[in-house]
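K.L.:
model this:
(2 chains)
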Amino acid sequence: MNAPTQTVNWPDKLFDTLKRAGIAQVGYVPDAGHARLIERCRADPSIRDVVLTTEEEGVALAAGAWLGGQRAVLLMQSSGVGNCINMLSLARTCRFPMLMFITMRGEWEEFNPWQVPMGSIVEPVLKLCEAEVYRAREAGEVEGLAERAVQQAFGDERIVAVLLSQQLIGRKVWTK
Amino acid sequence: MSLDRRAAMAALVVDRGDDLLVVPGLGSTTWDLAAAGDDPRNFYLWGAMGGTAMIGLGLALAQPDKRVAVITGDGDMLMGLGSLATIGVQRPPNLAVIVFDNAVYGETGGQPSHTKNGADLVGMARAAGIPICLDVGDEAALAAFAGRLKTLRETLFARVAISADEPPRVLPEKDGVALKRRFRAALGV
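P.N.:
A predicted model of the protein is given here:
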């Protein structure tokens, strides 16, 4: 369970943004930070929710969606970024829009040190992949950044990542 | 007895019609598809190993009125085995995942693949929940399968046993942006 730390309900705001953007496919590996957004997507009959076994599947899924004229987004946790690196070559070579919302781990009140190595390199690694990277630190900025990211990803056919700070997600309560 | 890969590809895409979209895997199946005849509805891959079936899934979900054929090699499929489970959950009725299995990594010198040592791709696809799983091993089965592909109504997986020879490469366009643009233009999206 996550402790609610913000008054603005950013997952619902993010969902509204995806709806306005006409997102038709949502690829995700289940993630606590994205639980609410995944639930909203699953409940919406006009969005195809695609549960993935690994995040790189989502990069290929989004490429196929765009080939067929649909918009897709990928939801993942910071560790999933590492799983995507080689497949992002597909997006770079062909200029596929690749819009990713990434919940961060390993950076704030993290109880699990195994999350730190990947979490700490998400931003530079994405930039090496020619992604535009935004970071939301407060709930109030999520929607605005998401709107910009949508425009940039689908308008310019680029890789765009919105990092959702761990502060935003809340501390994972760890009970033995 | 295994099938000639170029003849098998030709049999699957002959008289394809406007409603067949084909995504071949990097390497030999891309050369095979180019050899069978260029078409803007081919999205040739020169990379993205392990991702071919998932590109097909995204495309099939986006274009439910078209048939989507992923035609790739055993090496590419083995790298993306998880995608069989993902496709098994989605089951778009217009998607066929076809694996040309020669049990070797042909592009890298013919090293044996896992299927050479017993990995059963048809069994894996079936266990992943894909409704129709076929093992195509001879000319008669190939002809029957090619006919079935024309009236695709359920998610299908097929392993096509091909021989391990390597016909001369036929190289299609490799500019990814150009391939993407002409594919989308052909679909009018």
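K.L.:
now the helices for chain A?
P.N.:
Remark: helices assigned in chain A by DSSP state H are A:10-20, A:35-43, A:55-67, A:78-84, A:88-94, A:116-119, A:122-128, A:139-150, A:156, A:166-169.
K.L.:
on contacts alone, who are the packing partners of the helix or strand bottoming out on mean pLDDT in chain A?
P.N.:
Least confident helix or strand, chain A: helix A:166-169 with a mean of 87, by mean pLDDT, DSSP states H and E. Under the contact criterion of 3 or more CB pairs under 8 Å, 6 or more residues apart in numbering or on different chains; DSSP states H and E, the helices and strands touching helix A:166-169 comprise an empty set. For the C-beta atoms, the positions are set from N, CA and C on the backbone; glycine is no exception.
K.L.:
ok so B:G47 is a helix residue?
P.N.:
No: under DSSP: H, G, I helix; E, B strand; the rest coil, B:G47 sits outside any helix and is assigned coil.
K.L.:
show me where chain B has helices.
P.N.:
B:5-13, B:28-36, B:52-62, B:74-79, B:81-90, B:121-127, B:139-150, B:176-187.
K.L.:
just say which of those is most tucked in.
P.N.:
When you average the neighbours per residue for each of these (mean count of other CB atoms under 10 Å in any protein chain shown), helix B:52-62 leads with a mean of 30.
K.L.:
roughly how far is that helix from the heart of the chain?
P.N.:
11 Å (CA atoms, centre = their mean, to the nearest Å).
K.L.:
what's the pLDDT at the residue most central in space within chain B?
P.N.:
The C-alpha lying nearest the average C-alpha coordinate of chain B belongs to B:I71 (CA atoms, centre = their mean; 0.9 Å). In this model, B:I71 is scored at 98, pLDDT.
K.L.:
what's near enough to touch it?
P.N.:
B:M9, B:L12, B:V22, B:V23, B:P24, B:G25, B:T29, B:D32, B:L33, B:I98, B:F100 (CB atoms under 8 Å, 6 or more residues apart in numbering or on different chains).
K.L.:
tell me how far the least confident helix or strand of chain A lies from the chain's centre.
P.N.:
13 Å.
K.L.:
export it as CSV, just CAs?
P.N.:
This file holds the C-alpha atoms of helix A:166-169, laid out as CSV (Å, rounded to 0.1, in the frame of the first residue of the first chain):
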residue,chain,number,x,y,z
GLN,A,166,9.1,8.7,-5.8
GLN,A,167,8.0,11.5,-3.6
LEU,A,168,4.8,11.6,-5.6
ILE,A,169,4.1,8.0,-5.3
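K.L.:
now do that helix: everything it contacts.
P.N.:
Applying CB under 8 Å, 6+ apart, the contact partners of helix A:166-169 are A:2, A:5-6, A:10, A:32-33, A:103-110, A:119, A:136-139, A:142.
K.L.:
okay, now A:M118: neighbour count?
P.N.:
Residues contacting A:M118 under the criterion other CB atoms under 10 Å in any protein chain shown number 18.
K.L.:
test my guess that B:G176 contacts A:R95.
P.N.:
Yes: the criterion here is CB atoms under 8 Å, and B:G176 meets it with A:R95 at 7.4 Å.
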